[in-house]
Structures are given as C-alpha cells and as structure tokens.
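In: Got a predicted structure plus its sequence, pasted below:
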Amino acid sequence: MPSASRGSLSVRRLRVEALGGLTALIVLLAGLPPAGADELADLRANQERLQQRLDQLVQDEPSAEPARPNTAVGVGSFPRSFLIPGTDTSLRIGGQAVGSVLWYLKGAAPSGALGGTGGASEWYTDGQNTGNLQNTPLKGVAAATAVGFTPSRSSVWDFSAKQSRIFIDARMPSPYGEVVAFVGLDFFTPNTNTTLNDNQGSYNGYIARLRQGYAALGGLLVGQNNGTFSDFDSSPELVDFGGQNGASFVARTPQVRYTYPLGNGMSVAVAAENPNPNVAGPFGMYLTDTNQIPGTASCAALAVAPAGSAANITNACLGNLAFFNPLQQLMPTFVARWRIDQPWGHLQAGLTTVGYNLNDGRFLSQEYLGYGGAVSGHVFTWGKDSLGGGFAGGNGVGDQIENNVGVATNFGGALNGQAVNATSSTSNFSVNRALYDRAVLSTTIVSYSARIYYTHWWTDQLRSSADFSMNHNDIPAFIQASGRAVNNKELSLTHLNLIWSPVAFVDLGVEGAWGHRVVVSNLRGDAYTVQTEMKVRF
C-alpha cells in the first residue's frame, strides 16, 4: 500500500481514539453532581457501548500497516532445499561437475575404419559398461578387409566430461500428499550414429539430453524416472558410469507409477512403462526404434555388374539391423514391486512382463509375452561398510535385465535351404515372401544375472568397493552362424576402486576394471581399463 494511504489511515485511527478520550474528559470536567447507583450503572453501560463502537470502527478500517510477505529465505522441506519467499514451495538446484580419464589397456571397441579395426570413435568414453563391454573385440577374429589384423586395439585414451549434470527439484504440500516437479539433464548422449571429427578439439559433439523429468502427486508419478524394476541402492559406488552388468533395469524410462506405503518402512508399487523390447537376430541385437533416418532412401539389393562394380551405391545404405527389424510395441511393460527400508539396509523384490510382436507387414506375425523377476538389496556389516547385490532372471525378460535379450529370431537370415541371406535379391525374402515368412523361427530367451559387491570404509573420507557381475542368455542354435558370431551369450564385469573425499561433496577416484565377453559361438574377448575421475556435487 502507498505510504500516503497508510498515513491517512493512521490519522483516522487517531481521530477515533481522541474522540473517545475527549468524551470521558468532558464528563469529568463538567462537575456533575454525585450520581446514584442507577445513574452510575447507566454511565458504565453507555461507556462500554461507546468503547465497543470505537473498537468496531478500528476493526472496520483497513490495517494501517498491512502484513508484508516474508522476504527471508527459509529452510526447505527436504535436505539442501530452500523455501521460496512468500510461498510454501521448497526448491533445490543441484547436480555435479565431473571430469573423467579412461585408459583402455586392451579391448576398446573398434570403429568402422580399416575394415572394422579402427580406433575407438568417442562412442563409449565413460566406463566399460557404457557400451564397450557388449562390443568388446573377440580373440582371433580378423576383419574381412584387413587380413592379418584383429579388431583389438590397445592404449586407447578417452578424456570426458559427459557425466556432468544439473537438476531442479521443486516440492510443495497438498491435501493429496507432496507435489513434486523434477527435471534433470546430463550430456551423456552416445554418438553411435553420428560421424565425429576433431571431437577433442575446440568443440565437441556432446548435446544435452533429458535424464529425468516427471511430475508427482502423492503416490502417483507420471514422466521419465528410474525404472520401477531397477534398484540402484543395491549397487556399489563406481567410477564406471555404466555401473554393474546384469542389474535390474531400465535406468530411466517414461512411465506411469503408483506407490503405496504399507508402514514399517515397506511399500508396494505398480507401473506401466514405455515398452522397449529387443531381439537377437542374424546380424546382432536390435530394438523397436533401431531405424534409419526418416525420409531417406534405403539401399536396394546390390546388383553386381560383370566388371565387379556394385550398383545402387548412391542411396543412403541402411544397416541390416535396421532393414530387418520387424519389432512392434505390443503393450506397455508392466512392473510390480515390493520394498522395505530399515536401519540395517533394504530388500526389494519385483516382477515384470514384456510384450513382443514380430510383424513384417506381409505374412510374419508372431506375438510373445516375456516375464521375469528380481530380488536385490544391501546390508550394513560393521560401521559404514556394506554388502549388497541381487539376482534376476526370466523367460523373455529382455532389457528389464541390463544387457539381456528378450527374443531370438532367424528373420533376415538364409532360410528355406538357401545359401544366401535376405540381403540378396535372389533370396525368397524378395522372390517369395510367403515362403520365406513360413520358415521364420522365433522364441523367447531364458536369461539370468547375478551380482555382488562389498564396500569398505578405510576412514571417514576414504573407501573402496569391489564387485563382480554377470548375465547369461540362452540364445538358440537356429539364430544361424552369422548371429552366433555377434550375439552375446555371457558378459561379466568386475571393478576395484579407491575413492577419497578430501572435503564434503568432492570425490577423487581411481578404478581398475576387467570385462569379459562370450558370444553364442563361444568366441571370447577381454577388456582391461584404468579410470580416474574428479567429481564435485552441488
């Protein structure tokens, strides 16, 4: 309110109070004769009525000094948050700045240069389980155009800051429970489909990506958050940004979830999540969205001229994984979870179902329902030390277990006794699709995983974690020879680290890791890395 209005209200209040005082003074100075009891009673009653009227007049007036909004920043309702002045909204702005150095002593996934034996191309720069483990070079495998070379490079160095992130977390009370708005970004977009050049120069190809973004009202959550089947509290603190292999997944996915507290630290949750089925085919593993750039033309089957030159080379050539991708999203992925948190640690159990539909738009239409479960948790042993891990498995559970596959198919391979696969113009895929599709075999894959870790605190600032994790896929033989050479049967990973926090919210870490890959044909490969990081959380 303007200062002139506040002054006017104060004057009016003073006038009312002065009127009351003047009335009483006139009565005293008038020298009235002594009054009787009735007269005194009437006088008191009149005085009380006058006082009540004066009080009413004051109350009816707008406040001369209206309440000002609280301009002080208060402590918020959750750790490291503040209260926005004048509201009941608690806000936290946080994140981390990270610098990482990764050294592949052996086993960096090669690029497409030099016939598939070229050096790493900035694809997997922040640990073995960020993509390299699944593509570790195999021993004794020579590239077709580079005879005498094996696709295994040593002494590959990667410097990265892609683990850096920022988030905004806003919360406020409501009659229906706490209201939450959360948005988080990082820069960990893998550039597997982007040609990079001079990426370590004065610029790079890193772009921000949505890590988490969700709205919550009480127990209802809608948006992108950690998968309901996942349990990151059962994993150790690692420098490898990809974490353990074979963990209950997915890391972050769009979903609709409802969580109901049961009391005594227990809760149950049910969710419908964005479907992401995956398949092992003759050319490797692919997902629903393994695709080409929309609007670009695909390569036709190559026609080899008498002189040995290939036609149709001016079109945008599409990889076989995308060309022979019949996957459709049959239904949402459904998850149910039970969890208990106690001073001794936590325990979690989950169940999930995944739908698959293979449909090539012609004569192939096959539907499957996968299912699986997981149990995980951790316990404190002594002091701050902890022991944890988990088991997961199922039939067709797919990417609900990290690095697992849901369905195997021979679609795209050489069928009907032909010696050529579907990429040839002479294959029944092009000549007689009905005959080809009748020969397609598919099935859900039985898979399982196990992981364990132990964390020891040497001091309040110094700790170490050691872990082992593995996953296994029983991919059938009908996947054909080409598929058996590229699809993974078993992956295992182990880490050993030392992390020091010289001051609060600052971590300096060094970690050694060994990754082991076995494909369906039993070819094997190993990767050895040393990784360091400096992390500042805020």
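Out: It's in.
In: quick one: low-confidence parts of the protein?
Out: Filtered on pLDDT under 70, the chain yields the residue ranges 1-72, 112-118, 121-123, 141-153, 190-205, 293-318.
In: Quick one: residues contacting Leu287.
Out: Counting by C-beta atoms under 8 Å, 6 or more residues apart in numbering, Leu287 touches 276-279, 327, 399. (Glycine included, C-beta is placed from N, CA and C.)
In: quick one: which two of these are the most distant?
Out: Leu327 and Asp399 (12.2 Å; C-beta to C-beta).
In: overlap in contacts of these two?
Out: With C-beta under 8 Å, 6+ apart as the test, Leu327 and Asp399 both reach 277-278, 287.
In: From those, pick the one nearest Ala271.
Out: Pro277 (16.6 Å).
In: which residues touch the closest one?
Out: Counted by C-beta under 8 Å, 6+ apart, Pro277 has contacts 287-288, 327, 329-330, 354-356, 370, 398-399, 406-407.
In: swap the cut-off to 7 Å and go again
Out: 288, 327, 354-356, 398, 406 (C-beta atoms under 7 Å, 6 or more residues apart in numbering).
In: now do Phe241
Out: Phe241 touches 126-127, 130, 163, counting by C-beta under 7 Å, 6+ apart.
In: Pull up the gap between it and Thr352, please.
Out: Distance, Phe241 to Thr352, using C-beta to C-beta, to the nearest Å: 25 Å.
In: Pop the domain breakdown of the chain in here.
Out: 3-60, 96-160+230-290+325-537 (automatic domain parsing).
In: just those: most buried one?
Out: Greatest average neighbour count among the domains of the chain goes to domain 96-160+230-290+325-537 (a mean of 19), per mean count of other C-beta atoms under 10 Å.
In: For that one, measure first residue to last.
Out: 4 Å (C-alpha to C-alpha, to the nearest Å).
In: One more: stretch 414-432?
Out: Span of stretch 414-432 from end to end, C-alpha to C-alpha: 13 Å.
In: who's in contact with it?
Out: 282, 301, 303, 320, 324, 412-413, 435-436, 439-440, 480.
In: Of these, which belong to strands?
Out: Judged by DSSP state E, the contacts of stretch 414-432 include no members of strands.
In: In those residues, find the pair that's most separated.
Out: Maximum distance among the contacts of stretch 414-432 (C-beta to C-beta): 25.7 Å, for Ala303 and Val440.
In: and the nearest residue to Phe324 once chain neighbours are set aside, what does it touch?
Out: In this structure, Phe324 finds its nearest non-sequential neighbour in Gly412, 3.2 Å apart by C-beta to C-beta, 6 or more residues apart in numbering. Counting by C-beta under 7 Å, 6+ apart, Gly412 makes contact with 281-283, 320, 324, 421-422.
In: which ones among those residues are found in helices?
Out: Asn320 (DSSP state H).
In: any chance of the contacts of Gly412 in JSON lines, plus distance to Glu178?
Out: Output for the contacts of Gly412, formatted as JSON lines (distance: C-beta to C-beta, whole Å):
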{"residue": "Gly281", "distance to Glu178": "45"}
{"residue": "Pro282", "distance to Glu178": "50"}
{"residue": "Phe283", "distance to Glu178": "48"}
{"residue": "Asn320", "distance to Glu178": "49"}
{"residue": "Phe324", "distance to Glu178": "48"}
{"residue": "Asn421", "distance to Glu178": "56"}
{"residue": "Ala422", "distance to Glu178": "54"}
